[in-house]
Every structure is written in C-alpha cells, then in structure tokens.
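Chemist: pasting a predicted model and its sequence here:
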Amino acid sequence: MRGELFLPLNPFCTMDISFSQDTIGAIATPPGEGGIGIVRLSGPRAHSICETLFHPRYGSFPLPSHRLHYGWIKDPRTRATVDEVLVSHMAAPRSYTREDMVEINCHSGYAVLQRILELVLNAGARLAEPGEFTRRAFLNGRIDLSQAEAIAEIIGSRCEKGLELAGRHLEGALREKVHRWQDSLLQLEAETEAALDFSDDLHGESLEAAPQQRALLEELLASVEEAVQEGERGRVLREGLTLALVGKPNAGKSSLLNALVGRDRAIVTPFPGTTRDVIEDSFLLSGVQVRILDTAGIRGGPDAIESLGIERTLASLQQADVVLWLLDQSRPLDEQDDLVHQSIGHKAHRILLNKRDLHSRVTPQEVMDRYHPSSPPLPLSTFHPHDLERLRNSLAREFLQTPLEGFESMIVPNLRQKQCLKEAHQALKGAARLMDRKGFGELIIVELEKARKKLDEILGKGEDEDVLDRIFSQFCIGK
Ligand SMILES: Nc1nc2c(ncn2[C@@H]2O[C@H](COP(=O)(O)OP(=O)(O)OP(=O)(O)O)[C@@H](O)[C@H]2O)c(=O)[nH]1
Ligand SMILES: [Mg+2]
C-alpha cells in the first residue's frame with residue numbers, strides 16, 4: 001500500500017502494540033511476466049537485509065526514508081548483478097505495517113522475483129504467511145479488523161459497487177459508526193451506575209430508568225438494527241447476484257448467456273441437449289457483479305450423460321438467487337415445461353418467453369393460466385439487442401433497486417460483522433426489557449457490557465486467534 005493510503009496513528013485504537021521480532025519477506029505482485037514486480041520486507045532487519053544486496057547508484061546507507069532509490073540488486077556471494085531496481089525504504093512507524101519496510105521494485109519475471117526473494121531469505125528474512133503484512137498492520141494498531149477485511153475485499157472486488165463499499169470500510173466508516181454506538185453505550189452504563197449508587201444512598205430503594213436513558217437505548221437499538229438490515233439488503237452488492245438459466249432443451253439458454261456476457265461462451269446448436277454441464281460466466285448490471293449459470297436443458301428419460309447434467313442443473317438452481325426460466329414460444333407448452341416448473345419449485349424465478357421473432361405458439365396468458373407465476377412472462381428474442389436491454393433493465397429494477405437504495409451512505413457489514421451486530425442487538429434488547437422493570441440496574445449493566453464486547457469484536461478487539469487466522473489466511477502471500 002502506498003503513501004496516499006497511509007493513515008495517521010489512530011488515537012482511538014485500543015489494540016495491543018506488538019511489533020514483531022522477525023523480519024518477513026514475500027513477492028507482493030502476482031506471478032507472471034510484467035513491467036514491474038515487487039519483493040517486500042517488513043520487520044526490524046528490513047533495512048539491514050536490503051543493505052546486503054542493494055547497491056544504490058547515488059548516496060549510501062542508511063537510505064533516507066520515504067524516498068525511491070535507484071540501483072542494482074547483486075548476489076552478495078558472487079557479486080553478480082541480478083536486476084536494475086528502484087528500492088523504497090519506509091521507516092517505522094510510517095509504513096503499511098508500522099514496522100521498518102523495504103520494497104524492491106524489479107522487473108517482473110518468475111526467475112528474477114524468485115532470485116531476489118531467495119537472496120532476501122538467505123540474508124535472514126522469513127517467508128511471510130498469507131496476509132501477514134496486513135496482520136501486522138492490524139496487530140500494530142494501524143488498522144482495525146474491519147479495515148483489514150476491506151483490504152481483502154478491495155483486492156477481490158470485481159465490480160464498482162463492491163469496490164465503493166470496501167473503500168468506505170477502509171476509510172474507517174464502520175469503525176466510526178461502532179465508536180459512536182460505543183460512546184452511547186458508555187454514557188448509558190455510566191448513568192445506570194450513577195442511578196445504582198444513588199439508590200444505595202436511598203438504602204436500597206431502586207429507581208426506574210430515566211426516560212432519556214430509555215430513549216437513548218431505543219435510538220441505539222434502531223441504529224444497530226438498521227445496520228443489520230443493510231447487511232441483508234446489500235448482500236448482493238458485496239457478493240454479487242447469481243442467476244441460473246433453466247428451461248427445456250433448445251429453449252435458447254446458451255444463446256441468452258452468450259448475449260448477456262457479450263461473447264461466445266457456450267456452444268449453441270439447433271439440436272436439443274447441446275449443453276451437458278453447467279457453464280459459468282459473469283457480467284455487470286448497474287455496477288453490480290452478476291454471476292450467470294447456463295445449465296443443461298431439463299427433460300425426462302434422457303441418456304446417462306444428460307441425466308448427470310440435469311443433476312447439476314438442479315444443484316445450480318439451488319445456488320442461484322434468482323432463476324430465469326426460458327420458454328420457447330415457437331413450440332406449444334408441454335410436459336417438459338411442466339417438469340422444469342416442478343424442478344423450480346418455490347425458488348424465486350422470472351419467466352422469459354423466448355424466440356418472439358418466430359410464429360407464436362404460446363401466449364403470455366396461457367403461461368399465466370398454466371403456471372401462475374407472480375409476474376407476467378417477458379417476451380424476448382435473444383437475437384434482438386433491444387429485448388436484451390429491456391431484460392437488463394427489468395432485472396436491475398427488480399433485484400437491485402432495493403439493495404441500491406441510499407447506497408451513498410450505506411455501510412453494509414459483511415457476514416462476520418453482521419453476526420456481531422445481531423448479538424449486540426440481542427443484548428441491547430435484553431437491557432431494554434430490564435429497563436422496563438424496576439430494580440435491575442446491575443443486570444442492565446451486564447447486558448450493555450455484553451453489547452459493547454460484541455461491537456469490539458467487529459473491530460477485532462478480543463477476537464480469538466482462530467478468527468484472525470481464518471480472516472488473514474484468505475489474503476495472498478505478500479499482502
Ligand atoms: N429464432 C430464434 N432462435 C433462437 C433464439 N434464441 C436461440 N435460438 C436458437 O435456438 C437454438 C437452441 O439454442 P441454444 O441457445 O443452444 O438453446 P439451449 O436452451 O441452450 O439448448 P440446450 O443446451 O440443448 O438445452 C439455436 O439454434 C439458437 O440459434 C431466438 O430468440 N430466436
Ligand atoms: Mg445450451
């Protein structure tokens with residue numbers, strides 16, 4: 001991560017400062033040939049390890065921090081030149097990990113990157129674990145866990161909306177919200193404790209919660225609930241929408257897949273039973289990633305290979321958020337269509353009446369009468385760009401309008417964060433129930449503390465090693 005993403009020391013961060021003793025190294029760029037590859041180092045020996053192999057063209061060691069230095073990497077044993085490079089040194093604590101860091105920008109090729117990494121390891125660095133640079137940034141208090149997760153999301157992001165959400169989390173939007181909730185919780189706890197002390201002075205006569213405390217708790221409950229709802233409503237913005245194309249053989253499923261993704265992804269022939277396996281691709285819809293699954297046509301009594309394909313079709317059906325059921329309006333409805341209808345069951349689906357350019361043998365009314373779908377079928381032809389545009393608009397309207405409502409100010413917690421929020425909400429509800437009765441001050445405090453602990457976990461405070469291992473293992477080596 002470069003200077004523009006550097007965040008100042010965070011005065012609110014309560015995590016342990018635990019600078020590591022060992023120095024780690026890894027290739028930070030993806031494998032393959034390219035203009036630039038980077039080997040990065042972090043830890044107390046980063047600078048001295050660099051000194052053993054880097055020969056600056058200008059100046060000498062110690063290298064000034066936060067500058068780029070031009071020179072060569074040479075094998076310290078043979079003095080042979082390995083590559084011409086630019087090296088940056090970022091002295092602790094103003095670095096990604098808050099430790100001393102060195103990044104060697106060399107040419108990107110498999111052998112050259114491996115060679116430089118080997119020299120770095122020979123000089124005393126240890127190969128970094130996946131996500132270890134970011135884990136150190138977290139452990140050293142530069143970022144909280146929600147920001148670390150945001151970094152993984154930015155790297156894995158394939159669509160504009162998901163990227164925007166992750167960017168907001170990296171800036172600390174969720175942390176700010178959590179801190180605001182915690183401030184209110186602390187205030188509530190302090191007031192409840194003060195009321196308890198006061199009731200002690202009255203020789204045990206307990207007091208009812210003041211109306212303003214109840215109102216503050218209600219506000220908190222509503223705000224946490226809203227964030228949980230956002231997590232549910234905005235799930236597709238984060239994870240994308242999965243569509244499955246199903247229908248009887250030859251209905252035009254593969255043609256529709258090709259038309260939506262804009263390339264010849266699946267084989268299309270006039271013969272029923274062409275697609276045997278599930279074919280997956282993706283496209284963007286209003287800035288959201290849509291994963292689309294083309295499946296084998298469903299029909300009864302097929303051969304063994306085809307029935308394996310149909311089994312996979314049924315599995316894809318289950319995975320999908322929405323099923324697009326293609327009917328061929330140039331052929332009358334038949335028992336194969338009924339079989340597809342049965343397979344879809346109660347899954348959310350839309351019916352498309354394909355091949356509207358041909359003579360019609362099925363009317364939308366017939367489809368309504370036979371299958372009673374929740375919305376009328378959409379006639380289209382996969383050959384007509386205008387129809388495809390209409391389909392895209394209708395999908396965006398139906399499945400993305402709600403998730404995108406108020407997008408600019410949305411936080412959209414991920415699954416882990418949402419779980420913490422739900423548990424915090426549960427504890428707050430417990431506190432509210434107790435507040436409505438008289439004399440439970442101490443128990444109210446227990447519930448409020450429970451909620452505060454759950455909110456802490458969102459930022460990674462108090463999370464156990466297993467959770468951290470799981471999160472950071474999803475990163476690549478070198479991040
Ligand atoms: N006239 C017309 N033909 C179409 C249309 N869409 C697809 N087809 C044709 O229908 C035939 C079958 O298309 P596919 O896309 O292979 O159908 P499928 O549903 O994937 O078929 P299976 O893989 O066998 O289940 C091909 O000859 C396509 O060119 C359309 O809108 N109009
Ligand atoms: Mg097909």
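Modeler: Received it, and whenever you're ready, just let me know what you need. Numbering: from 1, shown residues only. Ligands and ions are numbered 1, 2, ... in the order given.
Chemist: longest helix in this structure, please.
Modeler: helix 173-201 (DSSP state H).
Chemist: which parts of that one are buried?
Modeler: 173-175, 177-178, 181-182, 184-185, 188-189, 192, 195-196 (16 or more other CB atoms under 10 Å). C-beta: built from backbone N, CA, C; applies to glycine.
Chemist: can you give me the offset of that helix from its chain's centre?
Modeler: Using CA atoms, centre = their mean, to the nearest Å, the mean C-alpha position of helix 173-201 is found 32 Å from that of the whole chain.
Chemist: and what of stretch 425-445?
Modeler: With CA atoms, centre = their mean, you get 35 Å for stretch 425-445.
Chemist: how about residues contacting that stretch?
Modeler: Identification of contacts with stretch 425-445 by CB atoms under 8 Å, 6 or more residues apart in numbering yields 188-189, 192-193, 195-196, 199, 206-209, 213-214, 217-218, 220-221, 224-225, 228, 447-448, 450-451, 454.
Chemist: which ones among those residues map onto strands?
Modeler: In strands, judged by DSSP state E, none of the contacts of stretch 425-445 are found.
Chemist: now the helices for the stretch 101-250 of the chain?
Modeler: In the stretch 101-250 of the chain, the helices defined using DSSP state H, counting those that start in this stretch lie at 110-122, 132-139, 145-156, 160-171, 173-201, 211-233, 235-239.
Chemist: for these, which one ends up most surrounded?
Modeler: helix 132-139 (a mean of 24; mean count of other CB atoms under 10 Å).
Chemist: what angle sits between that one and helix 145-156?
Modeler: Interaxial angle, helix 132-139 versus helix 145-156 (axes from the mean of the first three to the mean of the last three CA atoms, to 10 degrees): 160 degrees.
Chemist: which outside residues touch helix 132-139?
Modeler: Contacts for helix 132-139 (CB under 8 Å, 6+ apart): 15-16, 18, 20, 24, 26, 28, 40, 42, 96-99, 129, 143-145, 147-148, 151-152, 460, 468, 472, 475, 477-479.
Chemist: also stretch 170-185?
Modeler: The contact list for stretch 170-185 (CB under 8 Å, 6+ apart) reads 5, 7, 12, 144, 146-147, 150-151, 154, 168, 216, 219-220, 223-224, 227, 411, 413, 417, 424, 448, 451-452, 455-456, 458-459.
Chemist: check stretch 390-400 too.
Modeler: 236, 241, 243, 260, 285-286, 288, 290, 321-322, 350, 352, 378, 380.
Chemist: export those to TSV and tack on distance to residue 111?
Modeler: Output for the contacts of stretch 390-400, formatted as TSV (distance: CB to CB, whole Å):
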residue	distance to residue 111
236	43
241	42
243	43
260	41
285	42
286	44
288	40
290	40
321	45
322	47
350	52
352	52
378	55
380	53
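Chemist: does ligand 1 sit close to stretch 258-277?
Modeler: Yes: applying CB under 6 Å from any ligand atom, one finds stretch 258-277 touching ligand 1 at 268, 269, 270, 272, 273, 274, 275.
Chemist: give me the subset of these touching ligand 2.
Modeler: Subset of these in contact with ligand 2: 274, 275, counting by CB under 5 Å from the ion.
Chemist: between the residues of stretch 258-277 next to ligand 1, which is nearest ligand 2?
Modeler: For those, the closest approach to ligand 2 (CB to the ion) belongs to residue 275, at 3.0 Å.
Chemist: these two touch, right, that closest one and residue 298?
Modeler: No: using CB atoms under 8 Å, residue 275 makes no contact with residue 298, being 11.1 Å away.
Chemist: among these two, which residue is more densely surrounded?
Modeler: Between residue 275 and residue 298, counting by other CB atoms under 10 Å, residue 298 is the more crowded of the two (26 against 23).
Chemist: quick one: contacts for that one?
Modeler: For residue 298, the contact set (CB under 8 Å, 6+ apart) comprises 246, 247, 248, 249, 310, 313, 336, 339, 340, 343.
Chemist: and if you look at residue 167?
Modeler: Residues in contact with residue 167 (CB under 8 Å, 6+ apart) are 150, 154.
Chemist: can you give me the pLDDT of it?
Modeler: pLDDT, residue 167: 96.
Chemist: cool, residue 355 as well?
Modeler: At residue 355, the model reports a pLDDT of 98.
Chemist: mind checking how far it is from residue 388?
Modeler: Distance of residue 355 to residue 388, given as CB to CB, to the nearest Å: 14 Å.
Chemist: anything in contact with each of the two?
Modeler: Contacts common to residue 355 and residue 388, judged by CB under 8 Å, 6+ apart, are residue 382.
Chemist: tell me which of the two has more neighbours.
Modeler: Set side by side, residue 355 and residue 388 show more neighbours around residue 355, with 24 against 17, by other CB under 10 Å.
Chemist: what's the closest non-adjacent residue to residue 306?
Modeler: Spatial nearest neighbour of residue 306, chain neighbours left out: residue 273 (5.8 Å); criterion: CB to CB, 6 or more residues apart in numbering.
Chemist: again, but for residue 447
Modeler: Computed as CB to CB, 6+ apart, the closest residue to residue 447 that is not its neighbour in sequence is residue 431, at 3.8 Å.
Chemist: also residue 224?
Modeler: Spatially, and ignoring its direct neighbours in sequence, residue 224 is nearest to residue 425 (4.8 Å; CB to CB, 6+ apart).
Chemist: would you mind measuring from that neighbour to ligand 1?
Modeler: Distance, residue 425 to ligand 1, using CB to the nearest ligand atom, to the nearest Å: 46 Å.
Chemist: help me confirm that that residue is found in a helix?
Modeler: Yes: under DSSP: H, G, I helix; E, B strand; the rest coil, residue 425 falls within a helix.
Chemist: so what's residue 341 up against?
Modeler: The neighbours of residue 341, taking CB under 8 Å, 6+ apart as the test, are 325, 371.
Chemist: need the next SSE after whatever helix or strand it lives in, C-terminal direction.
Modeler: In this assignment (DSSP states H and E), residue 341 forms part of helix 335-344. Toward the C-terminal end, the helix or strand that comes next after helix 335-344 (DSSP H and E) is strand 349-354.
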